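Engineer: the sequence and its predicted three-dimensional model are supplied below.
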Number of protein chains: 4
Amino acid sequence: MTEFFKNINKVKFEGSNTTNPLAFRHYDEDRMILGKSMKEHLRFAACYWHNFRWGGADVFGDGTFDHEWLKVADPMEQARVKADAAFEFFAKLGAPYYCFHDTDVAPEGHSLKEYTNNFQTMVDVLEQKQAETGMKLLWGTANAFSNPRYMAGAGTNPDPKVFAYAATQIFNAMGATKRLGGENYVLWGGREGYETLLNTDLRQERDQLARLMHMVVEHKHKIGFKGSILIEPKPQEPTKHQYDYDTATVYGFLKQYGLENEIKVNIEANHATLAGHSFHHEVATATSLGIFGSIDANRGDAQLGWDTDQFPNSVEENTLVMYEILKAGGFTTGGFNFDARVRRPSTDLEDFFYGHIGGMDTMALALERAAAMIENDVLSKHIAQRYAGWNDDLGKRILSGDISLEGVAKFALENNLQPEKVSGRQEYLENIVNGFIYK
Amino acid sequence: MTEFFKNINKVKFEGSNTTNPLAFRHYDEDRMILGKSMKEHLRFAACYWHNFRWGGADVFGDGTFDHEWLKVADPMEQARVKADAAFEFFAKLGAPYYCFHDTDVAPEGHSLKEYTNNFQTMVDVLEQKQAETGMKLLWGTANAFSNPRYMAGAGTNPDPKVFAYAATQIFNAMGATKRLGGENYVLWGGREGYETLLNTDLRQERDQLARLMHMVVEHKHKIGFKGSILIEPKPQEPTKHQYDYDTATVYGFLKQYGLENEIKVNIEANHATLAGHSFHHEVATATSLGIFGSIDANRGDAQLGWDTDQFPNSVEENTLVMYEILKAGGFTTGGFNFDARVRRPSTDLEDFFYGHIGGMDTMALALERAAAMIENDVLSKHIAQRYAGWNDDLGKRILSGDISLEGVAKFALENNLQPEKVSGRQEYLENIVNGFIYK
Amino acid sequence: MTEFFKNINKVKFEGSNTTNPLAFRHYDEDRMILGKSMKEHLRFAACYWHNFRWGGADVFGDGTFDHEWLKVADPMEQARVKADAAFEFFAKLGAPYYCFHDTDVAPEGHSLKEYTNNFQTMVDVLEQKQAETGMKLLWGTANAFSNPRYMAGAGTNPDPKVFAYAATQIFNAMGATKRLGGENYVLWGGREGYETLLNTDLRQERDQLARLMHMVVEHKHKIGFKGSILIEPKPQEPTKHQYDYDTATVYGFLKQYGLENEIKVNIEANHATLAGHSFHHEVATATSLGIFGSIDANRGDAQLGWDTDQFPNSVEENTLVMYEILKAGGFTTGGFNFDARVRRPSTDLEDFFYGHIGGMDTMALALERAAAMIENDVLSKHIAQRYAGWNDDLGKRILSGDISLEGVAKFALENNLQPEKVSGRQEYLENIVNGFIYK
Amino acid sequence: MTEFFKNINKVKFEGSNTTNPLAFRHYDEDRMILGKSMKEHLRFAACYWHNFRWGGADVFGDGTFDHEWLKVADPMEQARVKADAAFEFFAKLGAPYYCFHDTDVAPEGHSLKEYTNNFQTMVDVLEQKQAETGMKLLWGTANAFSNPRYMAGAGTNPDPKVFAYAATQIFNAMGATKRLGGENYVLWGGREGYETLLNTDLRQERDQLARLMHMVVEHKHKIGFKGSILIEPKPQEPTKHQYDYDTATVYGFLKQYGLENEIKVNIEANHATLAGHSFHHEVATATSLGIFGSIDANRGDAQLGWDTDQFPNSVEENTLVMYEILKAGGFTTGGFNFDARVRRPSTDLEDFFYGHIGGMDTMALALERAAAMIENDVLSKHIAQRYAGWNDDLGKRILSGDISLEGVAKFALENNLQPEKVSGRQEYLENIVNGFIYK
């Protein structure tokens, strides 16, 4: 079998003093942190699409990559070569998981039948590759947004035939995910939104989408898939507005259709910031609403208004994210999937490794720092103390519903309440956090 | 009684050819449109705060206004003078409604008792003013965000005493709203959010806020207030993040706490755009979710990241908003409140009139154009036709839940579905809309 | 010759009451406004790239268009077919001008020689097409951003060979523009910026870019090209930062390198808003700096952070832009080029026409409204009066440099200056403008 | 003399293991880095306005601070008390410098005469305080934006009397700065912009502003002030658009009016991001244009569209900024002024210290990390190598102007240039940088 990533060996942990750019400086997979190995905590995945499907094109320019697998002309042959390259990469990188869309791994062909056959064939290949390499599947998904048929939505398309086409892909991708031992199934509604309200029936489209979600949930139970169903929020792009705008919006949607116990969120850092939130906010919101599932680890550019999907490299940002995740008990079925790609001018095969190694080291450092914050949980103690009044009589009566608006007003007036000002101590707490990050 | 707005008479409709800047060119209150007068459709309100409380200060500069009522030293005396000025203005402007916060109309004093007394006194004054002028109250509200005690939230404050203080204000403001015949009661949670997640318990704060909402709803029923309870979404400012971020977020919150049949939204144009949405989007979302209540009519500046609260002046934007409102049956208890203020350098008393007249003419034109769109509803017909497939067998079976994911997939494969591409015709529809706006 | 736009005739002016979506409602090319025809004022151009090169792909999806010219396999044959289709479209639309990049009209081939030959061949074709149809060239340009060789810049590339390649394209495109009677030559530096400062020498890159500009200017004079050289500002996308960020930045660059009398700007509406400015601002800035050249007419989406290149449809926005242009004397060599494309789901050939017709009608209305503003120039009079003090003694002495800082301070103190507050009257002026737009 | 900051001693360096929140963990003023002490490198200043003038108000709420100096009723007495408090704070903090606006330190009074007297009196006080404490003045400035008279600009005001008033303040503030040994004089044109183009003459206003700048420069030379004149760019807020938008815009302005050798920029982090740039970008742009002067050290909030003026706390961001500054030779007259304020709910006096200590430790760490990057300058080497081709024959001939556009094209064609693709290695370089930040 051809070797694609020549002269690159399996990436090893060499510690922070290494000068080897192809080694981990911080990700030491077996290192124990809070009773679990780094590998178990972080559950890293590399993705198929950015690394093996994308050719380096952007809106203003053609593909810049000359990678071997992109040059194979026959679609099924290309799929096999891509799988070889992908699993070589995955195995050398040393992230335990990978993720894929159905159409990343198999060509769509010219009919549903062709698609189905191609996909089944490639799932066999993936199964074998997993067995050979020990790679595991973090999640699978169906691409129901790239093909022109989805230009006006998949589940939310005005044409039920398009809905049916998408449902068929999802049916296949769910089956494959189960068969390959995938731990989650993800729904990203890239075109489930609108380009203009002038041609859109919001209520109808949301009902359609909810119906699709229910079908997915019912199917999960029917086939005995034990993983989680995840929705990935994004506010816009490619559409002008996407219905799964952010975590709070997804939560409202799930509640509206009675799906809040069946579906969780897969939060992407870059989608969070495009929605006007910090990444930290989205994770904290999801954990507080009980719908936190998994992470698409990447970063955006604070000055750019589109999904740049860069590799995470801020320990500062990710320490707080990691802290929320640890506080919530860590991942169950989820993990950190690098939904990230090298820049268009990063045309060397080594660049794939630099990107992932940088991302993994960043998250490993974030884990280490966050674990220290958990062990000596100054923040939680400060918060507990800040809200302590709610454990007193007045607080309890209010929260329990034991007292009415009028009752509270009467109480306040009779007691001539004059609440004291208490500093929020934001700067103090920020210093505390930096004290954990920078020793 | 002093006349404040000297040399300004009641504003009259003079038609589009008038050169009188203090006349309406388009708002002809008795003109019938789709069976109702403009006045009944638009239900305009002017607000107390921007016009009579604000002195022209901004973050970088002191107040620029020398208006008489701002110069009165004694707080209660000032409140009375302000009421005189306000009702003179309201009456001369000719909007049928006004709106206020408790602390706009009465000084807070130094204790709850003082506040309560001051407020009761001023509610008497307002009642008399309403009787004298015929002005009606669109909505009342309590200001639970300006006083330093609310610096860390009102309902979401870590200190239940602060919650109780806010509850007391709300109790008073609801009572006053009922007594003054107000048609709605509004909750804007200016500080119901966080400055930093480092000192915040999201779950606790949301529970507190929900408890406050429940108290308000229970109190409404108890006192027999027939109006609507409205939440006004805003994403941030003054806080870093406000829990009532946008309409979809508010909807999720209401569903979470079982309040979705009790509370609606008061949508502000400028808050919509700060949240990353078009104003049109927020209104369409609210009507599609069944929680549309009222409008804070203003505009932001597409290049500025804060609430500029300028007067609406885009007929193009507001025609689409008005079209959504008309399609949804028009306002019930809601209306267009001008939560708008003249620019800081607009220091003449006439400027108040120019601002409101411009806003009212804009909305009147928008109503006229939208009504024409309704009468010949090309958009609705186009939409009905676009989704027509969902009335066919496959569409019905999918939406009714009559067919499973596997069933759909089987159907698709057996029928070798190849959906046809259908143009979304966005440019065509945009031209249609412009054809209504520009004759 | 094949007809591509079947069943579509030359678009005619039919007036605002027409129900024909393929007719102009407002653009009446021979109608005289302020002494010139609409055609002469507006100088509309349609572009080659969005209409004939783009296939409907976006970052998340494949091309949606099935247009005939996209299906031709042989590159040179495709170029000829595209030219047929393009000129059929241009002629039927009735805009007097068109614009192109070298690589829109001819395939790049595999070497500079092939490129040069292909391009020369196609320039012959364009020349003949122009003769047949009467179409004129508003401007030509070279695409030095799409080919992978330009991934790190063209003029600003770290490799001088890439600079030379780009220079060769520009040499060819300038020659073609002159030969085809083009009225301007445009430079858009899509990749003249950086992806990361970590690998960038800002000073070096700016020097390179300036050298390229000087070469272009020298070449223009050498070949006797009488048109204008134009730079098109854009803040970012595809790069993280583009050196030609906005009009003020371009002006600084031109001044730095002594080019301010040789190069003007081609302002795009959507680039203006991406740079944090209103379109109006960019045009007003350019006219006030004396570097206004031409316009890429389109619009962005106020909620989206990338170049959506939609057709202009706001008469409100464009009336103010048109007003600035008229005040500055109108276009000389410039015009309104529709750098705009139909939405990806607008897959019908008619959609091209709807887009352009809507854009042309919008600008025609804007011209009509702006002309009325010019005829009765309330705004200019108001401005003249507002600054009148600068014609008095103190103002003159200050501006002429006749008085020093100390002198002014002394004068102020001696005269105990107490400037009076004068309202800025923004709301009044906004109403005046709306009075011109909506009769 | 009253002690204001009771129980707080002079802040000391205690190292990264300290648990004392009122100690420095990283800022060790005498520690030598690259041959200079931390103190000499960083040249920290604390400011008067945020700490001693601001009372904790924001647009939606009243002041939250109860600090003693805010309660003194008599304006001159308050000014003296503020000075006592300020210098106590400055001295305890241990930053060597401070900064002020004229109206921070002395009340404006009711006339120019009163203002002048008050200010002279307080300058005497400051002089004495400096002598007592050893504090030095980094820069002085005049506040020509808060008073209502400046609502339509200071230098750009339509009324020359307002220009004269501002000039008088600047005259006084420059004199005071010289007398107090200030090392720079700063101009921030908070209102030098427009609220609406409808009432604005851009050319006139820019000419006025340039005249003011020339007066300042001439006055500087006349009085023999040896410090630098600095403009502080900001894109907007309080105005809709400020003429000193960003560094590139200021550079163009300086070039237009021949001031580029006389005036430099004072870059604020939060202003950079509001302008759509990274802080790093603004500093790199200024050094590459030769106009880098000083820094207003703070941070914005990536999700908020206004100037939040938070204390810097990102070592990641500031390491790159520090690296640019070191590469450019470090500060000459400039320094890091904390134009930053504690959050409105940070109502304890300790919070002032936490904010500044956090900021100083952040910058000290950034300095240490950046110094390591300089000592082993991988980035510079990589850049030198990347552009090495420009030292070859072709590169030299192009840059020297030795070859024309046609000449280059001819060369390219004859040599059949086929430039090779070279990876930009962004991910690799980002990892290198993180390797310096996280050991």
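Structural biologist: Yes, it's here. Numbering: from 1, shown residues only, chains lettered A, B, ... in the order given.

Engineer: which bits of the stretch 301-439 of chain A sit near chain D?
Structural biologist: Residues of the stretch 301-439 of chain A found near chain D (CB under 8 Å from any CB of the partner chain) are A:302-303, A:311, A:313-316, A:342-343, A:345-348, A:350-351, A:354-355, A:357-358, A:361-362, A:365, A:421-428, A:430-432, A:434-435, A:437-439. C-beta here means a position set from N, CA and C on the backbone, and glycine is covered the same way.

Engineer: how about a cut-off of 7 Å?
Structural biologist: Contact residues, the stretch 301-439 of chain A versus chain D (CB under 7 Å from any CB of the partner chain): A:302-303, A:311, A:313-316, A:342-343, A:345-348, A:351, A:354-355, A:357-358, A:362, A:365, A:421, A:423-428, A:430-431, A:434-435, A:438-439.

Engineer: thought residue A:97 was touching residue A:48?
Structural biologist: No. Between residue A:97 and residue A:48 there is no contact, the gap being 11.5 Å when judged by CB atoms under 7 Å.

Engineer: what does stretch A:175-191 rub up against?
Structural biologist: A:119, A:123, A:126-127, A:130, A:136-141, A:145, A:150-151, A:153-154, A:174, A:216, A:223, A:225, A:227-232, A:238-239, A:242-244, A:266, A:293-294, A:333-334, C:60 (CB atoms under 7 Å, 6 or more residues apart in numbering or on different chains).

Engineer: mark which of these are buried, thanks.
Structural biologist: Among the contacts of stretch A:175-191, those classed as buried by neighbour count (16 or more other CB atoms under 10 Å in any protein chain shown) are A:119, A:123, A:126, A:130, A:136-141, A:145, A:150-151, A:153-154, A:174, A:216, A:223, A:225, A:227-232, A:238-239, A:242-244, A:266, A:293-294, A:333-334, C:60.

Engineer: in helices only, show me those.
Structural biologist: Cross-referencing the buried ones among the contacts of stretch A:175-191 with the helices (criterion: DSSP state H) gives A:119, A:123, A:126, A:130, A:174, A:216, A:223 as the overlap.

Engineer: let me see the domain layout of chain A.
Structural biologist: A:30-376, A:380-438 (the TED database).

Engineer: list the contacts of the most centrally placed residue in chain A.
Structural biologist: Closest to where the C-alpha atoms of chain A average out (CA atoms, centre = their mean) is residue A:296, at 2.5 Å. If you count contacts by CB under 7 Å, 6+ apart, residue A:296 has them with A:232, A:266-268, A:337, A:339.

Engineer: which one of these sits closest to residue D:282?
Structural biologist: Sorting these by distance to residue D:282 puts residue A:268 at the head of the list, at 28.6 Å, by CB to CB.

Engineer: where along the stretch 251-400 of chain A do the strands fall?
Structural biologist: Counting by DSSP state E, counting those that start in this stretch, the stretch 251-400 of chain A has strands at residues A:263-268, A:292-296, A:336-338.

Engineer: could I get the ones you listed in a markdown table, plus columns for mean pLDDT?
Structural biologist: Formatted as a markdown table, the strands of the stretch 251-400 of chain A follow (pLDDT from 0 to 100):
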| stretch | mean pLDDT |
| --- | --- |
| strand A:263-268 | 98 |
| strand A:292-296 | 98 |
| strand A:336-338 | 98 |
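
Engineer: among the ones you listed, which is nearest residue D:192?
Structural biologist: With respect to residue D:192, and counting by CB to CB, the nearest of the strands of the stretch 251-400 of chain A is strand A:263-268 at 41.2 Å.

Engineer: how many other residues sit next to residue A:6?
Structural biologist: Neighbouring residues of residue A:6 were enumerated by other CB atoms under 10 Å in any protein chain shown; the total is 7.

Engineer: for it, pull up the helix or strand it's in.
Structural biologist: When secondary structure is defined by DSSP states H and E, residue A:6 falls outside every helix and strand.

Engineer: on that earlier part again, now flag whichever of the contacts of residue A:296 is closest to chain B.
Structural biologist: residue A:267 (14.6 Å; CB to the nearest CB).

Engineer: hey, what's that closest one bridged with?
Structural biologist: In this entry, residue A:267 is beta-bridged to residue A:295, by DSSP bridges.

Engineer: would you agree it is in contact with residue A:286?
Structural biologist: Yes. The pair residue A:267 and residue A:286 qualifies as a contact (CB under 7 Å) at a distance of 6.1 Å.

Engineer: okay, and the common contacts of those two?
Structural biologist: With contacts taken as CB under 7 Å, 6+ apart, residue A:267 and residue A:286 have residue A:247 as neighbours in common.

Engineer: elements contacting the longest helix belonging to chain A?
Structural biologist: Longest helix in chain A by number of residues (criterion: DSSP H): helix A:349-375. Counting contacts by 3 or more CB pairs under 7 Å, 6 or more residues apart in numbering or on different chains; DSSP states H and E, helix A:349-375 packs against strand A:32-33, helix A:38-42, helix A:75-93, helix A:315-327, strand A:336-338, helix A:426-437, helix D:426-437.

Engineer: nearest to chain B, of the ones you listed?
Structural biologist: Closest of the helices and strands packed on helix A:349-375 to chain B is helix A:426-437, at 4.2 Å (criterion: CB to the nearest CB).

Engineer: so how far is the strand or helix carrying residue A:411 off the chain centroid?
Structural biologist: According to DSSP H and E, residue A:411 maps onto helix A:405-414. Average the C-alpha atoms of helix A:405-414, do the same for its chain, and the two points are 47 Å apart (CA atoms, centre = their mean, to the nearest Å).

Engineer: quick one: it near chain B?
Structural biologist: Yes. Helix A:405-414 lies within reach of chain B by CB under 7 Å from any CB, at A:405-406, A:408-409, A:411-413.

Engineer: make a markdown table out of those and add pLDDT and neighbour count.
Structural biologist: Compiled in a markdown table, those are given as follows (pLDDT from 0 to 100; neighbours: other CB atoms under 10 Å in any protein chain shown):
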| residue | pLDDT | neighbour count |
| --- | --- | --- |
| A:405 | 98 | 22 |
| A:406 | 98 | 18 |
| A:408 | 98 | 26 |
| A:409 | 98 | 26 |
| A:411 | 98 | 18 |
| A:412 | 98 | 24 |
| A:413 | 97 | 19 |
